[in-house]
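Okay, structure incoming, though there's no sequence with it:
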Ligand code: KIV
């Protein structure tokens with residue numbers, strides 16, 4: 001049975017809504033969106049939280065990792081997504097280097113995402129409690145993100161599930177608690193054993209949103225391009241393809257190409273025509289209108 005899209009008029013999602021969802025055991029839906037069209041479709045479908053994720057570095061820009069994407073590039077996509085979102089909470093991902101040097105710089109960059117990008121919250125990776133406190137003091141809701149944090153790819157030695165040893169398990173539990181204490185409104189749990197994510201979810205008062213962290217989180221998030229198979233890479237274990245956009249786009253582009261080559265496109269009813277009166281005038285006196293295009297004149 002498919003559920004009908006949530007009416008555009010339903011209430012705006014805020015950090016408070018997400019907290020109430022946790023308290024009333026209603027799952028939170030989240031998805032990445034990087035442009036107007038996908039943000040609008042996801043918003044109209046009733047997704048609660050839309051993240052302009054720095055994953056766009058890989059899935060939109062074709063980069064090897066998320067590390068090179070800049071604040072200006074993230075802002076460009078945040079503004080585009082903003083125009084498509086009415087109901088969902090719009091979260092901007094702070095890119096690598098935009099909050100690692102100092103809390104002052106982190107707050108200044110986060111303010112840009114709110115003022116120039118229209119974001120309603122920012123997401124930061126890692127257990128950066130001092131920064132979270134500063135952002136909250138600057139009236140910016142913060143989404144934390146722990147576990148497999150892609151901006152730490154070099155330190156982690158690859159994209160590896162985290163929290164598998166007893167020491168790491170305890171560390172991640174503590175990080176989650178500290179983020180909550182610092183004022184985060186949500187914590188993303190990425191790439192960790194289901195048991196650990198379940199324990200963190202039970203311990204925290206704020207909602208957890210999982211990606212590769214099992215079904216016990218308060219909500220789930222996926223990268224849009226993973227959801228519709230547009231990533232050109234073998235999917236991670238947790239990825240479920242809900243559509244095959246690669247195949248859909250490929251066959252549409254191939255059909256278009258073939259139609260152009262065979263002169264089947266555009267058809268007669270896809271062409272504009274002269275009004276009858278103009279056609280009659282042109283036929284009666286073909287040279288009546290002088291057409292001078294200097295750039296097309298032959299050189300002597
Ligand atoms: O950048 C991103 O898409 C993310 C999600 C995977 C949580 O951080």
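Received, thanks. The structure displayed is predicted, hence computed values, not measured ones.

what's near enough to touch the closest residue to the ligand within the stretch 51-200 of the chain?
Relative to the ligand, the nearest point of the stretch 51-200 of the chain is residue 53 (2.4 Å; CB to the nearest ligand atom). C-beta coordinates here come from the backbone N, C-alpha and C atoms, glycine included. Counting by CB atoms under 8 Å, 6 or more residues apart in numbering, residue 53 touches 32, 34, 93, 123, 223.

now the residues you listed in TSV, with pLDDT, secondary structure and distance to residue 273?
What follows is the contacts of residue 53, written out as TSV (pLDDT from 0 to 100; DSSP: H, G, I helix; E, B strand; the rest coil; distance: CB to CB, whole Å):
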residue	pLDDT	secondary structure	distance to residue 273
32	99	strand	45
34	98	coil	40
93	99	strand	50
123	99	strand	53
223	98	coil	46
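
so residue 170 sits in a helix?
Yes: under DSSP: H, G, I helix; E, B strand; the rest coil, residue 170 falls within a helix.

Check which residues of the lowest-mean-pLDDT helix or strand in the chain are buried.
Lowest mean confidence among the helices and strands of the chain (mean pLDDT, DSSP states H and E): helix 276-284, at a mean of 93. When neighbours are counted by 16 or more other CB atoms under 10 Å, no buried residue of helix 276-284 is found.

swap in stretch 154-162?
Neighbour-count burial for stretch 154-162, with 16+ other CB under 10 Å as criterion, is recorded at 161, 162.

How about the residues of this structure by the ligand?
When proximity is defined as CB under 6 Å from any ligand atom, the chain approaches the ligand at 32, 51, 53, 54, 55, 93, 145, 188, 190, 211, 221, 223.

Name only those of these that count as buried.
Buried residues within those, counting neighbours by 16+ other CB under 10 Å: 32, 51, 53, 54, 55, 93, 145, 188, 190, 211, 221, 223.

how close does the fourth one get to residue 247?
Same thing as residue 54. As judged by CB to CB, to the nearest Å, residue 54 and residue 247 stand 27 Å apart.

what's the answer for the third one, then?
Relative to residue 247, residue 53 is positioned 24 Å away (criterion: CB to CB).

burial of residue 123, as a residue count?
Residues near residue 123, counting by other CB atoms under 10 Å, number 25.

So residue 13 sits against residue 50, correct?
No: applying CB atoms under 8 Å as the test, residue 13 and residue 50 come out as separate, 9.3 Å apart.

More neighbours: these two, which one.
Taking other CB under 10 Å, residue 13 and residue 50 do not tie; residue 50 has more neighbours (32 against 23).

What does the pLDDT read for the more buried one?
Residue 50 is assigned a pLDDT of 99 by the prediction.

That one in helix, strand or coil?
Residue 50 - assigned by three-state DSSP - is strand.

Report the contact partners of it.
Listed by CB under 8 Å, 6+ apart, the contact set of residue 50 reads 30-33, 39, 42-43, 81, 85, 88-91.

go again using 7 Å as the cut-off
By CB atoms under 7 Å, 6 or more residues apart in numbering, residue 50 lies in contact with 31, 33, 39, 42, 43, 81, 85, 88, 90, 91.
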